[in-house]
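1. Sequence and predicted structure below; questions after.
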Amino acid sequence: MPAGRADIVVIGGGVIGLSLARRLAQAGSAVAVIDAGGDGGQASIAAAGMLAPLAEAERAGPLVDFGLISLRRYPAFVKELREETGVDVKLSGPGLLRVAADRAEEEALAQAFAWQKTAGLPLVWLDAGAVRALEPALSDRVRAAVLSPEEKHVEPRALLSALTAACRRRDVRIETNRAVGFKTRGRRVIAVETAAGSTAC
């Protein structure tokens, strides 16, 4: 694409920004990604890589539903990336274990288990003996746990590497700059301003 111009400008080169850029480029758009760090963004680099929509959910709702859909699609997503780039993003299980170390935590875990067991993922309630049989290194203080066998983990840096390679294969321009403002015409953004100049869109 011509320097300084793109059909679509994505601000932020983390997992979400690069995933969007890849799909947009696949659809035929000329895409530029502007990222202040130039190394995949700050949040994605610091992330734990958990694919665990139930882990911090307080109640059922659209966000949990969206997370479950995303979890189910992740194996196909990482397979595509591996075929495109040769990068293994280390998608792994065998699931997530949430433990309770005192009575209050056990009660909270039981309340979460009550609604989460109908969310669409298999869950198993483990008493103290079953938890320690599964994970002998856990503290004797652990009273109970919930095992979620299908929640997973991905290596964030490997995922960013794969997404960056996939974007570059599709001529996505990745710029190391900080977006500082926008040029508009009426209600439409026509350019993204950076310290180094502007990218028209």
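-> All right, it came through fine. Keep in mind it's a predicted model, so treat the numbers as computed, not measured. Numbering: from 1, shown residues only.

2. Tell me which other helices or strands the worst-scoring helix or strand of the chain on mean pLDDT touches.
-> The helix or strand of the chain with the poorest confidence is helix 42-46; it has a mean of 79 (mean pLDDT, DSSP states H and E). Applying 3 or more C-beta pairs under 8 Å, 6 or more residues apart in numbering; DSSP states H and E, we find helix 42-46 packed against helix 156-169. For every residue, glycine as well, the C-beta is placed using N, CA and C.

3. Grab the CA positions of the least confident helix or strand of the chain and hand them over as CSV.
-> Only the C-alpha atoms of helix 42-46 are listed here, as CSV (Å, rounded to 0.1, in the frame of the first residue of the first chain):
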residue,chain,number,x,y,z
GLN,A,42,1.9,-3.8,26.6
ALA,A,43,-1.2,-5.7,27.7
SER,A,44,-0.7,-8.7,25.5
ILE,A,45,3.0,-9.0,26.5
ALA,A,46,2.0,-9.0,30.2
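
4. neighbouring contacts of the very next helix or strand once past that helix?
-> Note on helix 42-46: by DSSP states H and E, the next helix or strand toward the C-terminus is strand 50-51. Residues from elsewhere that reach strand 50-51, judged by C-beta atoms under 8 Å, 6 or more residues apart in numbering: 70-71, 74, 91, 96, 151-154.

5. Among those, which lie within strands?
-> 96, 152-153 (DSSP state E).

6. Name all residues that make contact with E135.
-> L97 are the contacts of E135 under C-beta under 8 Å, 6+ apart.

7. for L96, that is, sorry about that
-> Applying C-beta under 8 Å, 6+ apart, the residues near L96 are 50, 52, 54-55, 147-148, 151.

8. now the contacts of strand 50-51 as a markdown table including distance to S139?
-> Below are the contacts of strand 50-51 laid out as a markdown table (distance: C-beta to C-beta, whole Å):
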| residue | distance to S139 |
| --- | --- |
| S70 | 32 |
| L71 | 29 |
| Y74 | 31 |
| L91 | 29 |
| L96 | 18 |
| E151 | 22 |
| K152 | 25 |
| H153 | 22 |
| V154 | 28 |
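
9. How far away from the center of its chain is stretch 4-15?
-> In terms of C-alpha atoms, centre = their mean, to the nearest Å, the centre of stretch 4-15 is found 18 Å from the chain centre.

10. List the buried residues in it.
-> 6, 8-15 (16 or more other C-beta atoms under 10 Å).

11. cool, stretch 140-155 as well?
-> 142-148, 150-155.

12. Stretch 167-174 now?
-> Quick answer for stretch 167-174 (16+ other C-beta under 10 Å): 167, 170, 172-174.

13. any idea of the angle the longest helix belonging to the chain forms with helix 156-169?
-> Scanning the chain for the longest helix, with DSSP state H as the assignment, gives helix 62-85. On the basis of axes from the mean of the first three to the mean of the last three C-alpha atoms, to 10 degrees, helix 62-85 is oriented at 60 degrees to helix 156-169.

14. beta partners for A191?
-> A191 forms beta bridges with K183, A200, as assigned by DSSP bridges.
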